[in-house]
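In: with the sequence up front, the predicted model follows.
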Amino acid sequence: MARSYRRARRKYSVLDLIPAEFRRRAWTFVVRLYLTLAVATILCSCFVILRNYVAGLDCYQVATRTLVPRSLPSWAGQAVRRDLAVLPGLPKRFSIMEPGISERVARAFESNPWVAEVLSVRKVYPNRMVVQLRLRRPVAGVRVGGRFALVDASGHRLTAGIRRWPKGTEALPVIVAAEGLPPKVGEAWSSEGVRAGAAVAEALLAGRRELRTRFAAIDVTNVGGRRNRHKSDIVLVTHKGTQVSWGRQASDYSPGELTADEKISKMVMFEEKRGPLSGYRYVDIRFDDVLHGPRLRVASGEPGVR
C-alpha cells in the first residue's frame, strides 16, 4: 500500500504556487517583448543599410582637397595651401553622412604644423564642409643642419626645411642660435634662445610699416649672458652688417627692461631723426639715450642702405 501511494502521489513544483492567470500574463509579456526586440532589430538593421546606401551616393561625397579654406591670410602662399591639404587619416573622398566625420576632420587639421587652432567645422549639404582655422604665421628661420626651418612667434617648427634661404630685404630674418637638438615639425623649440629670437622677430614683423630698416639675422647666442653678461643678450644684424643691440626679453628675470613695442618705437624715433639704422656701424637701444657708431659709407650710385 505504501508503494502504490508513493506512485500515485503528485509531484509539486514552485510554479504551482503561482496563480495560473499570472503565469499566463507573464508568458504573454515575454512573447511580446521578444517580438518587439525582433522588430526593433530588423528596423535598426534596415536603417543602417539605408544609411550606408545613402552615404555611398556620389552626391554626398566630399573631396578632401576641398577642405582647405578658400580664403587664407595674405602671407600664406601656395606652399602653405599644399601643406594644409595633407590630412593624415582622411581618404581622398569620404561621405558627409559618415558618423563623427566632423571630429575626424578637426583632428586631421590639428595634426598639421601650420594650424594653431581649429575654430569650426561646418557641414554644408550635400557635399561640402567649411573649415575655419587659425594659422601659425612664420616670423623667422632657424638653421637646422644644412637647411633652414620656418618658425612662428612661439617657436614652433613649421617646416622640415629648405636648402637656400631667400635673399633680399623683404626676406624673414634668420635666428642664429647655439647648436642644439631641433624639435620635430609641429613641435616647439626647447631652446630659450630660439623662443626669444622668435618673439623679437614677431615684434619686428609687426613694426615693419613704421621701421625702415630690415634685418637679416637675430643673434641669440648670448641669451642669458651665456658668452658675456656685459653684452646684449640679443643682437639684430641688418643686411649691411649693422649690429643693433636689442638687450634682453622683457620678462620676470629682467626687471626694468623695455617691452618689444617700446624698443620698436625707440628705433622708429631714431630713424626719424638720424636716418635708417642700417646707415651706422652699430646702434645700441638698451639705454635711455640711443648710442650709435659712425656712419657707413655708401658707394656712389648705390641706393639707400636697409
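Out: In hand now; what should we look at? Numbering: from 1, shown residues only.

In: hey, let's count contacts and neighbours off CA atoms from now on
Out: Will do.

In: any idea how far the closest residue to residue 200 other than its chain neighbours lies from residue 130?
Out: Distances taken as C-alpha to C-alpha, 6 or more residues apart in numbering put residue 260 closest to residue 200, at 7.0 Å, once the chain neighbours are dropped. Distance of residue 260 to residue 130, computed by C-alpha to C-alpha, to the nearest Å: 37 Å.

In: just checking: what are the partner strands of the longest strand that the chain contains?
Out: The longest strand of the chain (DSSP state E) is strand 115-124. Paired neighbours of strand 115-124 in the sheet (DSSP bridges): strand 128-135 (antiparallel).

In: ok, and what's touching the strand it pairs with?
Out: Residues from elsewhere that reach strand 128-135 (C-alpha atoms under 8 Å, 6 or more residues apart in numbering): 62, 66-69, 96, 114-124.

In: ok, then the element right after it?
Out: Remark: after strand 128-135, the chain's next helix or strand is strand 140-144, criterion DSSP states H and E.

In: what's the distance between that following strand and the middle of its chain?
Out: 18 Å (C-alpha atoms, centre = their mean, to the nearest Å).

In: what's it packed up against?
Out: strand 147-151, strand 174-176, helix 192-206 (3 or more C-alpha pairs under 8 Å, 6 or more residues apart in numbering; DSSP states H and E).

In: I figured residue 233 was touching residue 222, is that so?
Out: Yes. Residue 233 is in contact with residue 222 according to C-alpha atoms under 8 Å; the separation is 4.8 Å.

In: could you pull out the helices in this protein for me?
Out: 2-8, 20-55, 78-84, 101-110, 192-206, 260-274 (DSSP state H).

In: what angle do the last one and helix 192-206 make?
Out: It refers to helix 260-274. Counting by axes from the mean of the first three to the mean of the last three C-alpha atoms, to 10 degrees, helix 260-274 lies at 50 degrees to helix 192-206.

In: who touches helix 260-274?
Out: 200, 203-204, 207, 210-212, 246, 249-250, 276-277, 285, 290.

In: for the fifth one, same thing?
Out: Contact with helix 192-206 is made by 139-140, 142, 151-155, 173, 175, 177-178, 189, 218-221, 223, 234, 249, 260-261, 264, as judged by C-alpha under 8 Å, 6+ apart.
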